[in-house]
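Trainee: One predicted model, sequence on top.
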Amino acid sequence: MLRTRLRLPRPPPSSIQRYSHYKPLPTPPNLSIIETPEDSQKARSWISQFKQSPIPRKSVELSFSASSGPGGQHVNRTNSKATLRCSLDSGWIPPWAKQTLSKSPQYVASTASLLITSSFSRSQLQNVNDCLSKLHDLILSAASSTLKNETPVEQKKHVAKLEDIAKQRRRKEKSHRSDLKRSRGKASGGAWD
């Protein structure tokens, strides 16, 4: 009895992409420095899109090695430690965050890239996901660190009101002190002479 396997035709590449669970990463605006409120708005828009987008494995360079630590003989036999390398020249990394990223401990100057490792799990896949999560958090914090938070209008009004009250109090204290000194300087009827 001869067994044959039924082979189905492969779907075209376009339908594979359509059903992929990873969306392409958002392209950041070409801003090297954030100066105007419009620049801040563009950067905030990119950050909100990036928060929703996981970093796909194909966007980074991954390598694996033997991990150390607990796990028994399994650790010595498998390459479960994940090492992720991501070039700072990648198009999806915002230009305004590159200076902050270049000062981070994960930055490797010789290759102008970020190097992130993970060996917290015995599973290679979990370590890869941990590396991708660390990279995502690192880029988000670097992109957000250069943004200045906008002060709400109510808070601006409240601060201005407090400043006016402080000025009035200071003027009142100065005039009181001035009156006190002026009253000391005048000699009345029974003065010391």
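Mentor: Arrived safely.
Trainee: Could you use CA atoms for every contact and neighbour count after this?
Mentor: Will do.
Trainee: for the residue positioned nearest the centre of the chain, helix, strand, or coil?
Mentor: Centre of the chain computed as the mean C-alpha position; nearest residue by CA atoms, centre = their mean is Ser141, 1.4 Å away. When classified by DSSP: H, G, I helix; E, B strand; the rest coil, Ser141 comes out as helix.
Trainee: which ones are touching it?
Mentor: Under the criterion of CA atoms under 8 Å, 6 or more residues apart in numbering, the contact list for Ser141 is empty.
Trainee: per-residue pLDDT, it?
Mentor: In this model, Ser141 is scored at 92, pLDDT.
Trainee: One more: Leu88?
Mentor: For Leu88, the predicted pLDDT is 91.
Trainee: same question, Gly72
Mentor: 68.
Trainee: what ranges do the helices span in the chain?
Mentor: In the chain, the helices defined using DSSP state H lie at 13-18, 37-52, 73-77, 98-102, 124-145, 153-185.
Trainee: Tabulate those in JSON lines, adding columns for distance to Asp89.
Mentor: Below are the helices of the chain laid out as JSON lines (distance: least, CA to CA, whole Å):
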{"stretch": "helix 13-18", "distance to Asp89": "25"}
{"stretch": "helix 37-52", "distance to Asp89": "17"}
{"stretch": "helix 73-77", "distance to Asp89": "34"}
{"stretch": "helix 98-102", "distance to Asp89": "9"}
{"stretch": "helix 124-145", "distance to Asp89": "13"}
{"stretch": "helix 153-185", "distance to Asp89": "39"}
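Trainee: Lowest average pLDDT across those?
Mentor: helix 13-18 (a mean of 44).
Trainee: give the contact list for Glu150.
Mentor: Glu150 touches nothing, counting by CA under 8 Å, 6+ apart.
Trainee: separation between it and Ser32?
Mentor: To Ser32, Glu150 is 20 Å away according to CA to CA, to the nearest Å.
Trainee: Then Leu115?
Mentor: 23 Å.
Trainee: These two: which is more packed in?
Mentor: Leu115 (19 against 13; other CA atoms under 10 Å).
Trainee: nearest spatial neighbour of the more buried one, skipping sequence neighbours?
Mentor: Arg85 (4.7 Å; CA to CA, 6 or more residues apart in numbering).
Trainee: The one you found pairs with what?
Mentor: Glu61, Leu115 (DSSP bridges).
Trainee: so it touches Leu62, yeah?
Mentor: Yes: Arg85 is within contact range of Leu62, at 6.4 Å (criterion: CA atoms under 8 Å).
Trainee: who's more crowded, these two?
Mentor: Arg85 (22 against 17).
Trainee: residue contacts, the more buried one?
Mentor: Contacts of Arg85 (CA under 8 Å, 6+ apart): Val60, Glu61, Leu62, Ser113, Leu114, Leu115, Ile116.
Trainee: rerun at 10 Å
Mentor: 59-63, 106-108, 111-117, 131, 135 (CA atoms under 10 Å, 6 or more residues apart in numbering).
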